[in-house]
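Sharing a model that was predicted from the sequence below.
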Amino acid sequence: MRAAQLFDLNGRIALVTGASRGIGRAIAQMLADNGAHVIVTSRRLESCQSVVDSITASGGQATAMACNVGDMDAILALWNAIDARFGRLDILVNNAVTNPMFGHVSDTDPVAFQKTVDVNFRGYWFMCQYAVARMRALGGGSIINLSSVTALRPMENIGVYSATKAAIINLTQAFARECANLGVRVNAIVPGIVNTKFAAVLQTDGPVRDAALAQIPLGRIGEPEDIAGAALYLASDASSYMTGATIRIDGGMLA
């Protein structure tokens, strides 16, 4: 089978959360470029529509739907809208993330803690649960969860964020084991430091950026597009024998 056939997503419906910018936007574009109809979602509909406009301008298919994955009512409303519009889902990419807490672990604010858990862990869990319910009816599908190198090596002052990212790896393995017999594959991507608004402090030359680069053997900060190719692989038939796995894309940071 040729590579083009392995990575062909024509006829498949994909949902990407946190897709209004950064890694999520790059993944949405990549999936659409390879034939998927992509549901672009984040908290603000207008931000989603901007991505949809870009995808359609390049010849792809996409639909904007707003959803705050930290809100259970919003999650349910999103799935009801997907059922009404498409009646199926083949690919889920859980990418939405928040990190309102920056500080020493002993100073953790309970409100910030709960918001981080609600978006970064609870949201992923129930998005997976609702996706599996649709995918099992189709005989299978692919779920891709975005974690972080902080799951494997916690960074100072973002302890709660790091812990939720570690939980995503375990969540991925749990769903993979229990849903394999349903034809649903569940895998995780572990990005390193990537040039997004989330890591804005690293985009300006200075001691912080220099310290980050010193940890990366490839000598550069990653770009969102560096992550998108792995998402395409996991979404496609090219990875049909892979489930419960993590793909680390960090420029060698944890080597």
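That came through fine.

What ranges in the stretch 1-150 of the chain fall below the confidence cut-off?
Residue ranges of the stretch 1-150 of the chain with pLDDT under 70: 1.

Apologies, that question was intended for the stretch 151-255 of the chain.
Using pLDDT under 70, the stretch 151-255 of the chain drops low at 198-206.

Spell out the residue ranges of the helices in it.
Remark: helices assigned in the stretch 151-255 of the chain by DSSP state H, counting those that start in this stretch are 159-179, 207-214, 224-235.

what helices or strands is the first one leaning on?
Just to be clear, that refers to helix 159-179. Packing partners of helix 159-179 (3 or more Cβ pairs under 8 Å, 6 or more residues apart in numbering; DSSP states H and E): helix 110-117, helix 123-138, strand 141-146, strand 184-191. (Glycine included, C-beta is placed from N, CA and C.)

try the last one
In this structure, helix 224-235 packs against helix 22-33, strand 91-94, strand 141-146, strand 184-191, strand 246-249, with contacts taken as 3+ Cβ pairs under 8 Å, 6+ apart.

how about it: buried residues?
Buried positions in helix 224-235, judged by neighbour count with 16 or more other Cβ atoms under 10 Å: 224, 226-228, 230-235.

what angle sits between that helix and strand 141-146?
Angle between the axes of helix 224-235 and strand 141-146 is 150 degrees (criterion: axes from the mean of the first three to the mean of the last three Cα atoms, to 10 degrees).

Same check on the first one?
Relative orientation of helix 159-179 with respect to strand 141-146: 160 degrees, computed using the same axes, to 10 degrees.

What residues sit buried inside helix 159-179?
In terms of neighbour count (16+ other Cβ under 10 Å), helix 159-179 has its buried residues at 159-169, 171-173, 175-176, 179.

cool, and stretch 177-186?
For stretch 177-186, a neighbour-count test (16+ other Cβ under 10 Å) marks 179, 182, 184-186 as buried.

where's that stretch relative to the chain centroid, distance-wise?
Mean-position distance between stretch 177-186 and its chain equals 18 Å (Cα atoms, centre = their mean, to the nearest Å).

Please name whichever of the helices and strands packed on helix 159-179 is nearest to Asp53.
Comparing the helices and strands packed on helix 159-179 against Asp53 with Cβ to Cβ, the closest turns out to be strand 141-146 (23.7 Å).

so which of the buried residues of stretch 177-186 comes closest to Leu89?
Relative to Leu89, the closest of these is Val184; by Cβ to Cβ it sits at 10.7 Å.

Now do the same contact list for that closest one.
131-132, 135-136, 140-143, 175 (Cβ atoms under 8 Å, 6 or more residues apart in numbering).

Now with 6 Å, please.
Contacts of Val184 were listed using Cβ atoms under 6 Å, 6 or more residues apart in numbering, and they are 132, 135, 140-141.

Identify the residue spatially nearest to it, adjacent ones excluded.
Met135 (4.8 Å; Cβ to Cβ, 6 or more residues apart in numbering).
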